[in-house]
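# Dropping a prediction and its sequence here:
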Amino acid sequence: MQPALRAIRLPFDVPYYAQVASPGLGRAIFDEGMNARLDPRWVESGAETAEEYAYWCGRACGPACVKMCVEALGGERRSLMDWVRAGLWRGGYLVEKDEHGNPIEVGWLHRALAELVRAAGFQALPQPVALNDFPRCIQEGSLLIASVSYELGQENHAVTHKGGHLVVVVGANFHGDMLEEIVINNPSGRSEELRANAHVPTGRFKAGYSGRCIVVAQMAAGQ
């Protein structure tokens with residue numbers, strides 16, 4: 001007899017937001033060279049120009065995750081670009097230079113993203129989180145913004161590195177005592193199945209997981 005499937009989910013709904021205003025264009029923009037300025041819904045991102053949108057939509061995984069978490073906990077609704085600008089104001093997007101002075105984009109600092117969540121009225125702590133601790137965090141009502149490879153959002157694509165992209169962990173699935181899948185909201189998922197409530201096999205998730213999260217939750221009583 002096969003062991004029963006056991007699903008663990010957060011005790012509240014988590015809205016889904018993509019990095020791109022037209023989620024169905026994610027594959028075309030990220031993988032096929034489509035100019036994001038041609039996205040017909042770019043204005044919905046809150047960008048002032050199509051050029052601003054085109055630059056940031058490929059770099060907005062962190063703000064998209066903050067937006068999902070804040071709204072899930074009952075916080076304010078802001079546009080994606082509002083969150084991007086708030087993060088930039090805090091120095092949250094790191095660009096370094098190589099030995100020749102050329103810019104190298106490192107990406108969003110977990111510290112700055114956590115500051116955005118705390119400024120919205122919630123707890124947020126960047127820290128290492130073991131994969132086996134995900135179910136406990138979920139059962140306690142904590143959202144996890146996890147650092148993973150963007151390759152988790154691509155079908156039939158090997159995972160070749162860890163980190164560099166951010167997703168929101170919203171659940172976990174077990175077969176018996178075995179953690180079989182991590183359920184995520186992935187702002188850069190190329191297909192509908194890999195965006196909201198995407199089921200990622202544990203082994204595949206582990207291959208792309210850096211080991212670090214931002215743990216987001218309601219403020220404890222008295223804080």
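Good, I have the coordinates.
# From now on I want contacts and neighbour counts done on CA atoms only, so please keep to that.
Fine.
# Neighbours of residue 49, how many?
Close neighbours of residue 49, defined as other C-alpha atoms under 10 Å, add up to 11.
# residue nearest the centroid of this structure?
With distances taken as C-alpha atoms, centre = their mean, the residue of the chain nearest its centroid is residue 167 (2.4 Å).
# can you tell me which residues contact it?
61, 62, 65, 145, 146, 147, 148, 184, 185, 186, 187 (C-alpha atoms under 8 Å, 6 or more residues apart in numbering).
# Please apply the same query to residue 75.
Residues in contact with residue 75, defined by C-alpha under 8 Å, 6+ apart, are 120, 121.
# Report the separation between it and residue 92.
From residue 75 across to residue 92, the span is 21 Å (C-alpha to C-alpha, to the nearest Å).
# before we move on, what about residue 76?
Computed as C-alpha to C-alpha, the residue 76 to residue 92 distance reads 20 Å.
# which of these two has more neighbours?
Using other C-alpha under 10 Å as the criterion, residue 76 and residue 92 rank with residue 92 on top: 22 against 12.
# Now do the buried residues in the host helix or strand of the residue nearest to the centre of the chain.
Using DSSP states H and E, residue 167 sits in strand 165-175. Counting neighbours by 16 or more other C-alpha atoms under 10 Å, one finds that the buried residues in strand 165-175 are 165, 166, 167, 168, 169, 170, 171, 172, 173, 174.
# partners of residue 173 in the sheet?
residue 7, residue 181 (DSSP bridges).
# Show me which residues of whichever helix in the chain runs longest are buried.
Scanning the chain for the helix with the most residues, using DSSP state H, yields helix 61-72. Neighbour-count burial for helix 61-72 flags 61, 62, 63, 64, 65, 66, 67, 68, 69, 70, 71, 72 (criterion: 16+ other C-alpha under 10 Å).
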